[in-house]
Structure formats: structure tokens, C-alpha cells
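> What follows is a predicted protein model with its sequence.
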Amino acid sequence: MNKRITNILLVGVGGQGILLAAEILSETMLLAGFDVKKSEIHGMSQRGGSVVSHVRYGAEVFSPIVPEGEGDILFGFELMETYRSLSLLKPGGAVVTNDLRIAPPSVLMGQEPYPEGLTDRIRARFPDLLLLDGQKLASEAGNVRAANTVLLGAVSRRLDIDEHYWLQAIEKMVPKKALEVNKKAFLLGRASDWSKP
Amino acid sequence: MNKEILSGNEAIARGAYEAGCRVASAYPGTPSTEILENTVNYKEIDSAWAPNEKVALEVAIGASFGGGRALCTMKHVGVNVAADPLFTLSYTGVNGGLVLVTADDPEMHSSQNEQDNRNYAKFAKVPMLEPADSQECKEFTRLAFELSEQYDTPVMLRTTTRISHSKSIVTLAERVSGLAQPKLVKNAAKLVMLPGNARVRHPFVEDRIKKLSEAGATMAINRRELRDTSIGIITSGVCYQYVREALPDASTLKLGMVHPLPHSLIREFAAQVDNLYVVEELDPFIEEQVKSMGIAVTGKELIPLCGELTPGRIRSAFGLQQPQSVSEEKLPGRPPNMCPGCPHRGVFFALNQLKAYVTGDIGCYTLGFMPPLSAMDTCVCMGASIGMATGVSKVVSAEERKRVVAVIGDSTFLHTGINGLMDMVYNNSPSTVVILDNRITAMTGRQDNPASGFTLMDDPSHSIDFPLLCKSLGVKHIRVINPFDLEQTKSVLQEEMERSETSVIITDKPCVLVKREGVFQKGPAYTVEVERCTGCRACLKIGCPAIEWRPSGDGSKKGTAFIDPLLCTGCDVCRQLCKFDAIGRAK
């Protein structure tokens, strides 16, 4: 097996389903026969704070956190959080981000504006960018809350793992009543057009 | 064999199960909480929340004395609370194995200090194991039970947040069988620690540590890995993983037992490498002991004393090049916030308006210190708010004394706040205490407590009656209020703050996150009538995440408020702030 480790970062706001997406991703890699480690901090982040989850897989993984500037893929659930975490990526890394803005407290209170033009600013640094309307695609799949699985589907395009491992992991991790919607959401994301620039 | 991806905490629970553990006892605390939330899934383990860490350890001690294997878990600062029984437990030793997990929090992701609890193992003279991934969390837990019985000692297992909350692959095994059935056996010389008996036990404790240090030289968990011998690094826990990542060619001595240190193994390793280093988070715990052995070693000159390590920090320390990354720029922060519909919000709004000096405590409500509520002035440790209010009232002027209010949650009050209230009444303090009773231990993720009416195993149980409890402590003025009624909240606070005797105000609305049926009920959402909204921003002063300021877009400072119907729980607080009747129920 190749010694290279693949580093994926999932970022967003507490409550967006980031932890479940990271769980499905990790489970997929276990099923596909890799060593895998996943790390994030929970606790106060449950209260709407920023969340960063690290998933690493390969033949043998040591650190559970992605070393600074070595991320291969940044998988963002919210635009400003995606932008905030760009420094974790390696030069030439790939970005998949949800086209969603969630105002933090200072913006809600009208003390400062939500930053403008984030998509262009992300693309200027990392041209390999896929912008997805996760909420819209999730609604098409049957539930707006499945946006996390849509995004996971898009990320799966860049990882050379057989589709059946992904679906098997979704079956294991997602509660039964939400399973069909999540499978559909995953495949909608996986069908997104993300060619290398 | 069955493989699963488990967090360190899940793996410790699994390890306890496999080791034949019968009792698990804890008070919730990040990052340790999920251990008991997982032992409860094994029906062979009697898992229960205790009201505080001292009681949790005492329950485990009883189970051990009775002959059963017992697990007790807590966060690092919890060990401060449990330290009293711990230090004497070291003398008595155990009958059934006893494992005490301390989950430390370098970087203080969710804590008020970053004390290094390896010092407790040395201080209490008990062995401490430190796993480096989830597989080791499981194996070390099993081993800790065995060592506990073999050496007649409690064994501490130390994790850090990165071990507790990271997931990695674990191979599962069966639960051990054939452990003796626990039964009552009298043994006063060992279990009654009066001076005469304790004096006999102390030399045993000293001898035990010496024996463990010698045994450590051949324990498989203390592992020497010789690679390039120009650099040799002594390390343990998650730091081992970071060292392997940052310096893959360096030789390592990975310590699975960080107290007592295996002196002979350290000497051998030191002799095999050209330059010896210790890479450890927080205190120079290993480094100082290695230096006291007369061995030259480099540690904290290079490695930071504060915060977590990362592979990058280790690379920097060893002068290696860092990958180039894009520069940071200033973005609006995203701090945690009280939830929409949180019953604490109105109380802090009123305290702010009354210019109260608020001695605070540990829980979600500590967020009340943040703008715009800005209504908490102190926060030290669990249960401290009430004692601090008594103390500050002793020294300030009679006029200022009226502004002093202690604020404490239900779970924190039952943890150690109750003693403070006893003192307040006993010593005639004029202070006011607000018990924010939201029926749950919310901060750590909604754990039940003695006032919530259910046990960890979800059995119905007695629910403490706070007014009755306060009355029995001697509090004469007890008021129960609806914290969503701003006028009532403010006027009751004002009346009780004026009073020259101890008074207690109890809020009685549940946490919005309580899932149990019939506890929290979401009301119809509110909406802003844009035509009536004057843009006065009064509703923004409660800092509710469901309310957003929408600028008019013409470049002026004008705008209107908007309420997100998905986030709004219909708590009604913002409506009471609107002087223009612009906020009403959505149609």
C-alpha cells in the first residue's frame, strides 16, 4: 500500500451535521481497508461555535490532527468558515464548499458586516474549487437537513474509493428513517461536475 | 476479529467492559463525559452519575472494597474535588481493581485551567498509564484493572482531549470471565485509616511505587523504538503520535506508564542515543525526573509549556521547515452562544440592567459574561459563585453589597454549591443567589442529575425540590420565577437584592435541548412586522441567535430586525423588549 496519508478537513458551524459527515467518511475508509483517524473538539462548540474536524487515512496514520498546511481537501459547510480554514490546506489543495452564509453574533447584532466576495477570494488562492448549493440539492433529495451528505458525495469524487463502501458506511451510520434521503443526497452530490481546473 | 472506529472515551468504556468492570461512577465533565455515556450501553456495568467527583470516587471505592472492579471518570479539575478520598485510597489500596480516569484538557478547549494531572499520580503515589490512541485506551484500561489488583493500588489512566475525542480503529475482545463474586469481608487494618493503621500502610505505598518502577522496565507498554540514534525522544500519549509524524526517523522511548518512571529503561535508552529529548505537553513532568537521575536531557527549552502540541509545533521546536500556508486575516469571530430560547438569557439581561456584580459559576450560563448580556463578573470553579458572593459582601460598602448576586445552575448547585449556601445562611450573609434550574446538566451535553428525575440508566428517580431544599437550609426568602417574564424577573431580582438577609431566586424553565418528552416545548415562532420596526435595535440587546439585523442597504445605519422562523422557539423575551409592537406571532 502507498505510504501517503490523505488529509481531509471538515469545517463549519456547530449543528450542521459535520460530525456525522466525518463519521461516515471515517467508516468508509475503515471498510476500504485503510488505517484511519478522526479528531475534533466538542464541548462548547455545540453552542453554535466554529467546528473543525480532521480525518486522515492511509497505510498507517500517526497524528489524529492534520499537520498545519498539509490538508488535501477542505470540505466546508459554510462560506466564512471555509475561508477561515484555508491556511490548513497545502498549496494546490482542493476546496468543496457549501454556498451558505450563517451570520455570527457580531453580524447578527449589526456590529460588522459579513465579509463580501468570499467565493472569489477562495478561488483566487485555491482555483480547484467546487461551490455547491447543498441546501437546494438536499431539498431535491427530500430533506434540507441532508446537505452534509450532498457535500460528502461531492468530496467522494476526489477520493479513489469504490462507491459501495460509501453506501455501506451511510447505511451503518445514518438512522433508518433518514437512510433513503441520505443515500439520494450522497449520489446527487457525487454526480456534481467537479473537473480539475 | 471485530474492528470498530471508536473514540478514546468509547474505547475506555469498552476496556472496562472487557475487564469485567461492575460499577462505573462519574460526574460529567468535558472531555471525559462520553465514557459513562458508553459504559451504560453494557448491561453488566452499573453506571451512574454522582452529584460530584468526590462522591463518584467514594462510590467506586465502596465497590472496590466490596470486591468488584470499579471505574471512576472525571475531567482534570474534577480530580481536585476527588483528591481527598484519592490520597487516602492510595494507602488503603483496593480489593476489586479500581481505575480512576483523569481526562486532561491542554489548550483549555472547554476548561478554566490546564493543570497537568500527571502531578496527581506522583503526589498521591499511585501508578498512572497514558494511552496514545483508542486501541491503547481499551488495552490500558484492562491492564490498569489488572495492575490495580496485582499491586493493591488504585491506578490512574490519563487521557487528554485529543485522545478522548479522537477516533481510531480498535479490535474488540470478549469480557473476561471467572472473576470472584464480590462479598463483604472485614479488614480494618487495611480499610480503616486512623493514624495507627495508616502508619503501617505508608511504607507499603512507598515500597509499591519502587516495585512498579522496577517492573516498568520490562512492561510491554514502555516501548523502545530504535531508529536513527542521533536523536532519542522520551514521550507518551498523543505526543508520541506527533513525534512520529514530525520526526519519523528519530528513536523513541514511548512510555505507557508515566508514573512511576522505569528508571533502568530510561538509563539504557539515554545511553543508546546521542542527544536525548523529552517531548511532553504542559509540565516538565518526565523531564525533571530524568534530570534528577543525573541524565542530560532537553525539554522545555524547546517545547512550549502552555497549550497543546501539534506536529507543527514539534517541527518548529526542532528547527525543521514548516509548510508554507496562506496568511491569516481578521474575520468576524464565531464564539459559542446561548441557544435561541435559552431560559438564562432573560436573567442575564435583567442583571445587566440592574448593574449587578455577578459572581458566576461553571455551565452554559458562564456565556452570560459575553456582550451584549455582559452580566457575569467572576468564574473560578464548580460551586464557587455562592462562597464568592459571601466573601465579596463582607468587604464592600453597604450600598455596593446590594449589587452582589451569585448565579449557579441546578447541577452545579448540587455539585458543590449547596455547601456555599449553607455557609451563607449560617453566617448571615445578605447576598442573593439565583439558581438557574433548567432540569439538566446542559453544558456537557444534557446529562441527568439528582434534580432531573431520571438516572443515567434512564430509570425514573426522585427529583430534588429546590425550594424545599433551600428552606431546610434555613433560607427565609425563596422566590420561584419565570425567566421569560422580563418584568417579573427584574422586579423580583431588585426586591431580593435590596433585602438584608440571604435570599434565593429559582428560575424554572427547562433547557431547550432536553429531548425527554414533555420537558421542553417549542412555541409558535415570532416574526417582525417590517412596517412597524423602527430599527431601534432594542431586541438585539439580548444576543439571541435567531434575531438578525438587516441593514437597509442604502449605505445608512438604518435597518430592521429579522427573526429566523427555524431558530425561534417562541420564548417571548424579544417581544417584551419591542416598544413599537413590531414583534408578534407568525401568522
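Thanks, I have the structure now.

> all contacts plus neighbour counts: C-alpha atoms, from now on.
Will do.

> OK, contacts around B:Ser500?
Shown in contact with B:Ser500 (CA atoms under 8 Å, 6 or more residues apart in numbering or on different chains): B:429-431.

> and it, how far is that from B:Cys470?
17 Å (CA to CA, to the nearest Å).

> distance of the closest residue to B:Thr160 other than its chain neighbours from B:Arg158?
For B:Thr160, ignoring the flanking residues on the chain, the nearest one in space by CA to CA, 6 or more residues apart in numbering or on different chains is B:Asp104 at 4.5 Å. Separation of B:Asp104 from B:Arg158 (CA to CA): 7 Å.

> okay, and the common contacts of those two?
Joint contacts of B:Asp104 and B:Arg158 (CA under 8 Å, 6+ apart) are B:Asn117.

> out of the contacts of B:Ser500, which is most surrounded?
B:Ser431 (30 neighbours; other CA atoms under 10 Å in any protein chain shown).

> Hmm, B:Lys394 and that one touching each other?
No - the pair B:Ser431 / B:Lys394 is not scored as a contact, 9.9 Å apart, by CA atoms under 8 Å.

> anything in the helix or strand harbouring B:Leu143 near chain A?
Counting by DSSP states H and E, the element that carries B:Leu143 is helix B:134-151. No - contact of helix B:134-151 with chain A (CA under 8 Å from any CA of the partner chain) is absent, the minimum separation being 9.6 Å.

> ok, longest helix in chain A?
Counting by DSSP state H, the longest helix found in chain A is helix A:18-31.

> Tell me which strands whichever helix or strand comes after that helix pairs with, and in which orientation.
Sequence order places strand A:35-40 as the next helix or strand after helix A:18-31, per DSSP H and E. Sheet pairing of strand A:35-40 (DSSP bridges) gives strand A:50-58 (antiparallel), strand B:167-171 (antiparallel).

> Which pLDDT value belongs to the residue of the stretch 101-250 of chain B found nearest chain A?
In the stretch 101-250 of chain B, no residue comes nearer to chain A than B:Ser166, which is 4.2 Å away by CA to the nearest CA. We have a pLDDT of 97 for B:Ser166.

> what do you get for B:Ser429?
97.

> B:Thr455 too?
97.

> just B:Glu328 next, same as before
pLDDT at B:Glu328 comes out at 66.

> low-confidence ranges in chain A?
Low-confidence segments of chain A (pLDDT under 70): A:1-3, A:42-47, A:195-197.

> Give the helix, strand or coil label for the most centrally placed residue in it.
Geometric centre of chain A, nearest residue: A:Phe75, 3.2 Å, by CA atoms, centre = their mean. Classification of A:Phe75 by DSSP: H, G, I helix; E, B strand; the rest coil places it in strand.

> was I right about it contacting A:Val155?
Yes - here A:Phe75 lies in contact with A:Val155, judged by CA under 8 Å, at a distance of 7.3 Å.

> Quick check: neighbours shared by these two?
With CA under 8 Å, 6+ apart as the test, A:Phe75 and A:Val155 both reach A:Val96.

> Can you pull the phi/psi pair for B:Pro371?
Torsion angles at B:Pro371 (phi, psi; degrees, to the nearest 10) stand at phi -60, psi 150.

> Neighbours of it, how many?
So B:Pro371, with other CA under 10 Å, has 13 neighbours.

> Compute the distance between the closest residue to it other than its chain neighbours and B:Leu436, please.
Once flanking residues are discounted, B:Pro371 sits nearest to B:Gly543: 7.6 Å by CA to CA, 6+ apart. From B:Gly543 across to B:Leu436, the span is 19 Å (CA to CA).

> Could you pull up the contacting residues of the closest residue to B:Arg315 other than its chain neighbours?
Nearest residue to B:Arg315, sequence neighbours excluded (CA to CA, 6+ apart): B:Ala246, at 5.7 Å. Residues in contact with B:Ala246 (CA under 8 Å, 6+ apart) are B:311-312, B:314-315.

> Can you list the neighbours in contact with stretch B:415-426?
Applying CA under 8 Å, 6+ apart, the set of residues contacting stretch B:415-426 is B:51-52, B:382-387, B:390, B:408, B:431, B:473-475, B:502.

> and which of the residues you listed is nearest to chain A?
B:Met382 (16.5 Å).

> Tell me the bridge partners for the residue of the stretch 451-587 of chain B found nearest chain A.
The stretch 451-587 of chain B approaches chain A most closely through B:Glu548 (4.3 Å), counting by CA to the nearest CA. Under DSSP bridges, the beta-bridge partners of B:Glu548 are B:Phe562.

> how deep is it tucked in, by neighbour count?
Quick note: B:Glu548 (other CA under 10 Å) scores 24 neighbours.

> Now that B:Glu498 has come up, it's in contact with B:Arg401, right?
No - B:Glu498 lies out of contact with B:Arg401 (CA under 8 Å); the separation is 9.1 Å.
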